[in-house]
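Peer 1: Okay, here's the prediction I keep looking at, along with the sequence it came from:
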Amino acid sequence: MTTTYLPSGTPRPEPGQTPGGFDRFQVTGDDIEEARHSLETSLDGRQFRARLADEPFSFRFASAGDERLSVQTGSFTGHLQGVIPWSKDYVVSWFRSGEVTIDHPGGQLTSVVGRPFLTPSETSYSFTMTPHHHGIVHLGADFLEDVATERHGGPRQRIVFDYDAVPDAAGLAAWQKALGAATPLVVGDTTKPLARHSAQVSLAHALLDLFPWQAVDVPEELRTEQTRKLRQAAEYVHAFADQPISAGDIATAAGVHTRTLQQLMNKHLGSSPTTYLRHVRLDRARQDLLAADPAAGFVADVARRWGFGNLGRFSASYAKRFGEYPRDTLARW
């Protein structure tokens, strides 16, 4: 197997090391076991298995960019399967030939040639690939989440995409146009830093336009491999806060018993599942009140929308959480 580093033969920085700016490298080979081992090691994967296909085996992987965003291409002319245990970054891929099937806690997805798809982040998933040629845009979590603040207007938060969404023709055309314009600047050896950053930002915005998403205010301490079950519970609450869900529903979504969920939430969040759900609903009610026209909006309507049937109790809970009554929030418009 051959590995080429550019520029100046400088290897990539190790994880956690101070970012070193632009980096380009490629790996090629024709030994399927070396290729399997290389991918398993570089992806921090587990249980990778590979087998030959009918055609002679070859492997290539190339990447150019930096810690914010890189564009990658690859081919693997054998069959490959394995498990990816954890990553906070966001990855959009497309297959020029072949396919991959991914099984993750939220379901299953199978690639379609030419159609971009997202691999799940901050969770473990298994995959099965046929011989293939693919492209990838790899976005660092901090970078994409910083760009997304320009859309949702809040602090940096985890972005939860709809992995089942299929881009429409207009969205796909816009993504391909943005990718075509940004790629030469992202991968160019002589691109000026500001020009590269601008291209990366434009591509991040194109991704946010391509798939439905929402920013979820999950505490940073939950964004670890060890606390992924609790994060899944919190994300379920944010996604379905407007529905009649219970603590049992939240526990089922996270794949744990209700009692276990109660213990985890008390330990890490200092609240029960029911209290956490109430706080999320209060936060949503506040957003609605801040956006409502005082001349046309009514506190009672907002309270009922978020499941608070008793207006007096809603006002008391709201004042305790935000230091003002709902009517005062509404009057700010």
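Peer 2: Structure's in. What do you need? Numbers count the residues shown, from 1 in each chain.

Peer 1: Where does pLDDT dip in the stretch 201-333 of the chain?
Peer 2: Flagging of the stretch 201-333 of the chain using pLDDT under 70 yields the residue ranges 333.

Peer 1: That one: helices as residue ranges?
Peer 2: 228-240, 247-254, 258-268, 273-291, 299-305, 311-322, 326-330 (DSSP state H, counting those that start in this stretch).

Peer 1: Can you say which of those is nearest to residue 39?
Peer 2: Smallest distance to residue 39 across the helices of the stretch 201-333 of the chain (CB to CB): 22.9 Å, for helix 228-240. C-beta: built from backbone N, CA, C; applies to glycine.

Peer 1: Helix 247-254 and the closest one, what's the angle between them?
Peer 2: For helix 228-240 against helix 247-254, the angle by axes from the mean of the first three to the mean of the last three CA atoms, to 10 degrees is 120 degrees.

Peer 1: Packing partners of helix 228-240?
Peer 2: Counting contacts by 3 or more CB pairs under 8 Å, 6 or more residues apart in numbering; DSSP states H and E, helix 228-240 packs against strand 158-161, strand 213-216, helix 247-254, helix 258-268, helix 273-291.

Peer 1: As a markdown table, the helices of the stretch 201-333 of the chain with distance to residue 31 and mean neighbour count would be great.
Peer 2: Formatted as a markdown table, those follow (distance: least, CB to CB, whole Å; neighbours: other CB atoms under 10 Å):
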| stretch | distance to residue 31 | mean neighbour count |
| --- | --- | --- |
| helix 228-240 | 35 | 21 |
| helix 247-254 | 42 | 19 |
| helix 258-268 | 45 | 16 |
| helix 273-291 | 51 | 18 |
| helix 299-305 | 61 | 17 |
| helix 311-322 | 60 | 15 |
| helix 326-330 | 65 | 18 |
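
Peer 1: would a markdown table of these with distance to residue 96 be doable?
Peer 2: What follows is those, written out as a markdown table (distance: least, CB to CB, whole Å):
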| stretch | distance to residue 96 |
| --- | --- |
| helix 228-240 | 32 |
| helix 247-254 | 35 |
| helix 258-268 | 43 |
| helix 273-291 | 42 |
| helix 299-305 | 46 |
| helix 311-322 | 51 |
| helix 326-330 | 52 |
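
Peer 1: Chain neighbours aside, what residue packs nearest to residue 45?
Peer 2: Leaving aside its sequence neighbours, residue 45 sits nearest to residue 82 (CB to CB, 6 or more residues apart in numbering; 4.9 Å).

Peer 1: domain parsing for this protein?
Peer 2: Using automatic domain parsing, the domain parsing of the chain gives 2-210, 221-330.

Peer 1: May I have the distance across the last one, first residue to last?
Peer 2: Using CA to CA, to the nearest Å, the gap from the first to the last residue of domain 221-330 comes to 33 Å.

Peer 1: Check stretch 98-115 too.
Peer 2: Termini of stretch 98-115 sit 12 Å apart (CA to CA).

Peer 1: hmm, who's touching it?
Peer 2: With contact meaning CB atoms under 8 Å, 6 or more residues apart in numbering, stretch 98-115 is reached by 93-97, 117, 119-120, 123-134, 163-164, 166-167, 172, 232, 255.

Peer 1: Report the buried members of the residues you listed.
Peer 2: 93-95, 117, 119-120, 123-127, 129-132, 134, 163, 167, 172, 232 (16 or more other CB atoms under 10 Å).

Peer 1: Narrow those to those in helices?
Peer 2: Applying DSSP state H to these, the entries found in helices are 172, 232.

Peer 1: what helix or strand is the closest residue to residue 195 other than its chain neighbours on?
Peer 2: Nearest residue to residue 195 in three dimensions, chain neighbours excluded: residue 185, at 5.5 Å (CB to CB, 6+ apart). In this structure, residue 185 sits in helix 169-187 according to DSSP states H and E.

Peer 1: Against which helices or strands is that helix packed?
Peer 2: Counting contacts by 3+ CB pairs under 8 Å, 6+ apart, helix 169-187 packs against strand 59-65, strand 69-76, helix 193-210.

Peer 1: ok, now with 10 Å
Peer 2: strand 59-65, strand 69-76, strand 90-97, strand 132-139, helix 193-210 (3 or more CB pairs under 10 Å, 6 or more residues apart in numbering; DSSP states H and E).

Peer 1: Same question for the first one: list its buried residues.
Peer 2: This means strand 59-65. With burial defined by 16+ other CB under 10 Å, the residues of strand 59-65 counted as buried are 59, 60, 61, 62, 63, 64, 65.

Peer 1: just so I know, which of the helices of the stretch 201-333 of the chain lies nearest residue 197?
Peer 2: The closest of those to residue 197 is helix 228-240. By CB to CB, the value is 29.6 Å.

Peer 1: Number of residues surrounding residue 170?
Peer 2: For residue 170, the neighbour count with other CB atoms under 10 Å is 9.
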